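Below is the sequence, then the predicted model.
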Amino acid sequence: MKPATMHSPTRNPGRRGGPPIAYVNARLVDPATGIDMLGGVVVADGMIADWGAHLARAEALGSSGIEAVDCAGAVLAPGLVDMRVQLREPGEEHKETFASAANAAAAGGVTSMVMLPNTNPVIDDPSLVESVARRARENSRVKIFTHAAVTRGLEGREMTEFGLLAEAGALGFTDALSAVANPTMMRRALSYARMVGRIVIQHPEEPTLTRNACATEGEIATRLGLPAAPAIAEVMMIERDLRLVELTRAPLHFAHVSTAAAIDAIRAAKKNGLPITCDTAPPYFSLNELAVGDYRSFAKLTPPLRTESDRQAVAEGVADGTIDVIASDHAPHDQDSKRLPYAQAAAGAIGLETLLTVALELVHTKRLSLLELLRRLTVTPATILKLPSGRMAKGAAADLVVFDPERAWKIREAEFRSKSKNSPFDGRPVQGRVMRTLVNGESIFHLER
Amino acid sequence: MKSENSPSETASPPARAGGYRHRHLLGIEGLSPEDITLLLDLSAAYVEQNRALDRQKSSVLRGRTIINLFFESSTRTRTSFELAGKRLGGDVINMSAESSSVKKGETVIDTAMTLNAMLPDVLIVRHGDSGAVKLLSEKVNCAVINAGDGTHEHPTQALLDALAIRRRRGRLAGLEVAICGDILHSRVARSNIHLLTAMGARVRVVGPPTLIPSSIERMGVQIFHDMREGIGGCDIVMMLRLQTERMQGSFVPSVREYFHFYGLDREKLAAAKPDALVMHPGPMNRGVEIDSELADDLDRSLIREQVEIGVAVRMACLDLLTRTLRSNNPVAT
């Protein structure tokens, strides 16, 4: 297989100031409108100029002189919106930078991503939100946004300046991989976030139960002799937070939900009309705790991998819509952070480049339709974050992905564009490959054959 | 090149045909009953050899370098391995790499690579983290013996416990064995469970629920919280050490309450078979897990024998793991 290349931006049709271009003979899938049909898109000046079934064939362009790209029946959809990634810039640029993450995102079909504030320094000050936005603009053609911390330094003690942070552009508030453990703090965060029109994202885990743990309690952790926490640590925090949502009526989002009990609690609360949403990440519906094997630290995640029945419940939650969003949970770590005894190794896996292809397993196994899967990867996260992306519409930014959902390939560490290579999916045979990624009409990734 | 291993000098007890096929000894899990029997038989031969009055220094490991690499403090296990290596005529070096100012983990692979470059024949490793010895074994070319990793395994302890039992009872199959105390944090318990169940013994674990790891019944054991019930009718009562830092209110309410319910004394031992034997991997907390006078009763307690047999077991492990090495590449003399 030939390596894919990044397109040079020179004379790139479709982008701002460039000539228009049409992508025809594509399977148009747009979850926002529920459309899944043969058609095409005309991109001009960085925006979607026209789209629909009438553009299925190049002949429809008539004598307009617009260059046509034949998608050969591949899926053409809104670019993915990844609502939770860790980018390590500023502070840990040896693990990932805006530039390397953008390359990885482009190869994964992700056109917008939102970073967690657990950088160094922590994004807990409006000036940092602005500097991140500026650095990202200069170094990335993928759109990078940021969440801000709920508490200063992620320490759980003092609330950050929600209003000023929101004005500076923070899309949500989260203490990243730390739960907001203090209920009074959470209550105030929810009330304030509601006032400024932003969501709070909770890492649902009762920290006094999970302290020092690196595995889910059960036979495997017992055999391996790993410090473990009971899986209920997740639902306990969620149930507490549901009470606070009842009290404040503020929107709350639960990150990387991984257990059956948590999904049941969320499903019931949604039925009762609470303004809650949640996401999960591909490892939680594609792997179980057996992936840890003989202390494979690349399978050490937070929350940790769970039992097979939890994995099944997560897949079911994605299918029935209890889980609104799939995020990559991208967490780059270098070799030095991972080649350690399991308990000391850093937790987390990279995920930008494998997000779509691993998620497509749910479609191939008939858990849900392609349209529904893409809804959880595009318009739903965009709506939760109040971003205009993730939809096909005339005049909208041409942030698009072209992928072949059937194409078989094997995930290989050596081909990752991310600076870090810590993926639990290395060597996994998968089906579905991104062929092209467009941001503002510009082709930023194109797989040559 | 000619090997001059005359039988009288090298005096390595014969190993059974088939042999030990593993490169390392990282745990009991994964060993077959045949592997275990082979190790125990060879160990038994070394027990006799060690007891012989005219004992001479063996040259089984002549010219071989053995490094004792302990990331966690230990006196008895390290000494036992050291003595085993020396009795076989090997050169034994002790390295203590206890948590210094450097982050513990960084030293694991770094230390392994450094030592590996010195071309040792066997590395004996103890580390405070589960899986650390396995990780280290992937980075070196020599044989590795796990001398205890976190709360995972301590294979030579299980082997010596099994041999101590076998010497007194003549067998392992069909025996009722109770392992009592802090199962949660015990690598000794895990290795013993693997070994004893593989050899056909029935194993019970006894302790307060806070010290019993989740789903341990899936390892083929029965769980008891009542000590008298747990050791009722048992052939062997194996006590475990309770770490000091776990005694005061975190896992058990107090030392005196623990001893009241789980400390082994003659009164509780009466529930076991009349000739039941008592074991402890040491070091003992007298008056916490075990009544002091009972521990010293040579009719009931195997504790001193365990220590003696430990040396023989470690000799057998060193012997077996270097056999391939010796046949492929004999030391020139």
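Arrived safely, thanks for sending. Numbering: from 1, shown residues only, chains lettered A, B, ... in the order given.

okay, CA-based contacts and neighbour counts for the rest of this
Fine.

Not counting its neighbours along the chain, what's nearest B:Q157?
Nearest in space to B:Q157, with sequence neighbours left out and distances taken as Cα to Cα, 6 or more residues apart in numbering or on different chains, is B:V188 at 6.6 Å.

Quick one: mean pLDDT over the helix or strand containing that neighbour.
Using DSSP states H and E, B:V188 maps to helix B:187-198. Averaged across helix B:187-198, the pLDDT comes to 98.

Return the distance of it from the chain's centre.
The chain centre lies 10 Å from the centre of helix B:187-198; the measure is Cα atoms, centre = their mean, to the nearest Å.

contacts for whatever helix or strand comes next after that helix?
Next helix or strand after helix B:187-198 toward the C-terminus (DSSP H and E): strand B:202-206. Strand B:202-206 is contacted by residues B:173-181, B:183, B:193, B:196-197, B:212, B:220-227, B:230-231 when judged by Cα atoms under 8 Å, 6 or more residues apart in numbering or on different chains.

now the angle from strand B:202-206 to helix B:187-198?
150 degrees (axes from the mean of the first three to the mean of the last three Cα atoms, to 10 degrees).

Run me through the strand neighbours of strand B:202-206, direction for each.
Strand B:202-206 sits in its sheet next to strand B:176-180 (parallel), strand B:222-224 (parallel), going by DSSP bridges.

where does residue 225 fall, phi/psi-wise?
This is for chain A. phi 70, psi 40 (degrees, to the nearest 10).

A:R141 now?
Dihedral pair for A:R141: phi -90, psi -10, per degrees, to the nearest 10.

which residues does it contact?
Here A:R141 is in contact with A:A102, A:V439, A:I444 (Cα under 8 Å, 6+ apart).

so which of the residues you listed comes closest to chain B?
Ranked by distance to chain B (Cα to the nearest Cα), the contacts of A:R141 are led by A:A102 at 30.6 Å.

what about A:A213, which helix or strand?
Residue-wise, A:A213 maps onto no helix or strand under DSSP H and E.

what's the answer for B:T107, then?
Going by DSSP H and E, B:T107 is part of helix B:104-117.

what's the following helix or strand after that helix?
strand B:122-127.

and that next one with chain A, contact?
No. Strand B:122-127 does not reach chain A (Cα under 8 Å from any Cα of the partner chain); its nearest approach is 9.4 Å.

now for that strand, which elements pack on it?
strand B:65-70, helix B:132-137, strand B:143-149 (3 or more Cα pairs under 8 Å, 6 or more residues apart in numbering or on different chains; DSSP states H and E).

how many degrees apart are it and helix B:104-117 in direction?
Using the same axes, to 10 degrees: strand B:122-127 against helix B:104-117 is 170 degrees.

got the contact list for strand B:122-127?
Identification of contacts with strand B:122-127 by Cα under 8 Å, 6+ apart yields B:65-72, B:133, B:142-150, B:318, B:322.

quick one: it to chain centroid distance?
13 Å.

thinking again about what came up before, restricting to C-alpha, output the helix holding B:T107 in CSV.
C-alpha atoms of helix B:104-117 as CSV (Å, rounded to 0.1, in the frame of the first residue of the first chain):
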residue,chain,number,x,y,z
LYS,B,104,11.1,3.7,40.3
GLY,B,105,9.8,2.7,36.8
GLU,B,106,12.5,4.5,34.9
THR,B,107,15.1,2.3,36.5
VAL,B,108,13.4,-1.0,35.6
ILE,B,109,14.2,-1.0,31.9
ASP,B,110,17.3,1.1,32.2
THR,B,111,18.8,-1.2,34.9
ALA,B,112,17.8,-4.2,32.9
MET,B,113,19.6,-3.0,29.8
THR,B,114,22.7,-2.0,31.8
LEU,B,115,22.9,-5.4,33.5
ASN,B,116,22.2,-7.2,30.3
ALA,B,117,25.2,-5.6,28.7
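
ok so, going back, any idea which of the strands paired with strand B:202-206 is most buried?
Highest mean neighbour count among the strands paired with strand B:202-206 (mean count of other Cα atoms under 10 Å in any protein chain shown): strand B:176-180, with a mean of 27.

Spell out which parts of the stretch 1-150 of chain B neighbour chain A.
Checking the stretch 1-150 of chain B against chain A by Cα under 8 Å from any Cα, the hits are B:G105, B:E106, B:V108, B:I109, B:D129, B:S130, B:G131, B:A132, B:L135, B:G150.

Report the separation between the fifth one and B:G282.
Read it as B:D129. 20 Å (Cα to Cα, to the nearest Å).

likewise A:T383?
62 Å.

so B:V237 touches B:I165, yeah?
No. Taking contacts as Cα atoms under 8 Å, B:V237 lies outside contact range of B:I165: 10.6 Å.

re earlier: need the strands paired with strand B:202-206 in TSV with mean pLDDT, can you?
Formatted as TSV, the strands paired with strand B:202-206 follow (pLDDT from 0 to 100):
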stretch	mean pLDDT
strand B:176-180	98
strand B:222-224	98
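
Can you check which of the ones you listed gets nearest to A:R376?
strand B:222-224 (45.1 Å; Cα to Cα).

Not counting its own residues, what contacts the helix or strand following the closest one?
Going down the chain from strand B:222-224, the next helix or strand is helix B:227-231, by DSSP H and E. Residues from elsewhere that reach helix B:227-231 (Cα under 8 Å, 6+ apart): B:177-178, B:180, B:204-207, B:223-224, B:237, B:261-262, B:268-269, B:271-272.

The residues you listed: which two are farthest apart?
B:V177 and B:F261 (18.8 Å).

Strands along the stretch 101-250 of chain A, start to end?
Assigned by DSSP state E, counting those that start in this stretch, the stretch 101-250 of chain A shows strands spanning A:110-115, A:143-146, A:172-174, A:199-202, A:215-216, A:228-229.

just checking, what packs against the second one?
When you say that, I think you mean strand A:143-146. strand A:110-115, helix A:126-139.

which residues touch the residue of chain B found nearest chain A?
Relative to chain A, the nearest point of chain B is B:H152 (4.3 Å; Cα to the nearest Cα). Counting by Cα under 8 Å, 6+ apart, B:H152 makes contact with A:R223, A:L224, A:G225, A:L226, B:S130, B:G131, B:S186, B:R187, B:R190, B:S191.

6 Å instead, please
Residues near B:H152 by Cα atoms under 6 Å, 6 or more residues apart in numbering or on different chains: A:L224, A:G225, B:S130, B:R187.

for A:R311, same thing?
Counted by Cα under 6 Å, 6+ apart, A:R311 has contacts A:Y284, A:F285.
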